[in-house]
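Chemist: task: produce atomic coordinates for the following.
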Amino acid sequence: MAFYMDRIYFDNAATTSLDKEVLDAMLPYMTTHFGNPSSIYSYGRETRLAIETARKNVAKILNAHPGEIFFTSGGTESNNTAIQSAIRDLGCGHIITSSIEHHAVLHTVEHHDHLDEVTSSFVKLLPNGHVDLDDLEEQLASREERCLVSLMHANNEIGNLLPIKKVGDLCNKYNAIFHSDCVQTVGHYPIDLRRIPVHLISAAGHKFHGPKGIGILYINDNIKIKPFIFGGSQERNMRAGTENLYGIVGFAKALELASANHEKESNYVQSLKTYMIHALQKNIPGVSFNGDYAGSCLYTVLSAAFPKTEKSEMILFNLDIHNICVSGGSACSSGADTGSHVIQAIDNNPQKVTVRFSFSKYNTKEEVDKVVETLKTVL
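Modeler: Got it, this is the predicted structure:
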């Protein structure tokens, strides 16, 4: 049961509500099971067991080894760590990424490029926002130094899905390190890390009804990196600091629930997205959609573009007044009125105003109807 009954919440790509079963799993570790996992007495041993059980469960669902799963504070830390480690520890002298990555990747690459620690380039994009694999191969083939390829599995604004195995195969062919930001796909798609040739992936619990402040970095056994936070032996000497115990338990429980209910819930959420596409096309003249919205795209995300008018320029504000929560792009940058770098990269049309609707298992067709009726009014 969702916790936002008085509002319509269509911004689940930004964050999701905490599942009641996840909260129930976390509560004992906020109350009675409070021991420091590094302590040797019983309080510590029981919390250490909870962490390692969570790690095993996450690894099993992703088909990884438990020793390849490292708990972090979330996707941003995991992305930063992956990129920094590839430069520092894995000999990567050039980074290939795209102009539509999350800023946790783009700003990290830009920072290290400006320090002259690495060079970087963007892979070309096709008109529908997908990565041009031919251009990626050309870039990989042309570099003498080892490359890091950092491309997100699914775009958080338009929803386009990367052909992750094809990219991994290209990276293998040219001895490149492959990192993928999987924040929008872990917990939403079955991911088999034994079958996908990827070295590093990032994920965050709050994207699939888990808690905020907890994520993972998967590090393939075939690569070795140095500690990324110093000062203690936690996370097998890789990330010092007392573990986010209840966050880790919550992450594992949320992933377990998402995996168990994937087919039913993904089909339901896809039906909501399809229903909204048809409702918008029927009721809102001039509406269009960004990215490969009806093809290789997240079932949770719909990026709609409305003709620019005096009314549509205030669309987010007016929807908020009507208790409808949506975003104009990435929630991480919604406070800055600079426009979406993703939309600018794929379709920089100043006559369109973009709204991202993103859905969860708690949304309903009745909510879609209310949103479309409200749009007809405010536009």
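
Chemist: tell me the buried residues in stretch 164-180?
Modeler: Ile164, Val167, Gly168, Leu170, Cys171, Tyr174, Ala176, Ile177, Phe178, His179, Ser180 (16 or more other C-beta atoms under 10 Å). For the C-beta atoms, the positions are set from N, CA and C on the backbone; glycine is no exception.

Chemist: centre of the chain to that stretch, how far?
Modeler: For stretch 164-180, the separation from the chain centroid amounts to 19 Å (computed by C-alpha atoms, centre = their mean, to the nearest Å).

Chemist: what distance separates the start and the end of that stretch?
Modeler: Terminal residues of stretch 164-180 are spaced 8 Å apart (C-alpha to C-alpha, to the nearest Å).

Chemist: wait, what's in contact with Cys325?
Modeler: Shown in contact with Cys325 (C-beta atoms under 8 Å, 6 or more residues apart in numbering): Tyr4, Arg7, Ile8, Tyr9, Phe10, Asp11, Leu319.

Chemist: gap between stretch 89-108 and the chain center?
Modeler: Using C-alpha atoms, centre = their mean, the offset of stretch 89-108 from its chain centre is 15 Å.

Chemist: quick one: end-to-end distance for it.
Modeler: 16 Å.

Chemist: ranges for the strands of the stretch 151-300 of the chain?
Modeler: Remark: strands assigned in the stretch 151-300 of the chain by DSSP state E, counting those that start in this stretch are 177-181, 200-204, 215-219, 288-289.

Chemist: which of the contacts of Cys325 tops the neighbour count?
Modeler: For the contacts of Cys325, the largest number of neighbours (other C-beta atoms under 10 Å) sits with Phe10, at 25 neighbours.

Chemist: can you give me the distance of that one to His278?
Modeler: According to C-beta to C-beta, to the nearest Å, Phe10 stands 16 Å off from His278.

Chemist: what does Arg88 give?
Modeler: Distance from Arg88 to His278, by C-beta to C-beta: 50 Å.

Chemist: between the two, which one's more packed in?
Modeler: Higher neighbour count among Arg88 and His278: Arg88, with 14 against 11, using other C-beta under 10 Å.

Chemist: residues touching the more buried one, list them.
Modeler: Taking C-beta under 8 Å, 6+ apart as the test, what Arg88 contacts is Ile225, Lys226.

Chemist: pretty sure Met238 contacts Thr72?
Modeler: No. Met238 lies out of contact with Thr72 (C-beta atoms under 8 Å); the separation is 9.8 Å.

Chemist: looking at the two, which one has more neighbours?
Modeler: More crowded of Met238 and Thr72, by other C-beta under 10 Å: Thr72, with 25 against 20.

Chemist: contact partners for the more buried one?
Modeler: So Thr72 contacts Ser78, Thr81, Ile214, Gly215, Ile216, Leu217, Arg239 (C-beta under 8 Å, 6+ apart).

Chemist: ok, and the closest non-adjacent residue to the third one?
Modeler: In this structure, Ile214 finds its nearest non-sequential neighbour in Gly247, 3.4 Å apart by C-beta to C-beta, 6 or more residues apart in numbering.

Chemist: which ones are touching that neighbour?
Modeler: Met26, Phe71, Gly205, Pro211, Gly213, Ile214.

Chemist: Glu117 too?
Modeler: Ile87.

Chemist: low-confidence ranges in the protein?
Modeler: Filtered on pLDDT under 70, the chain yields the residue ranges 1-5, 329-338.

Chemist: quick check: domain ranges of it?
Modeler: 8-18+262-378, 20-260 (automatic domain parsing).
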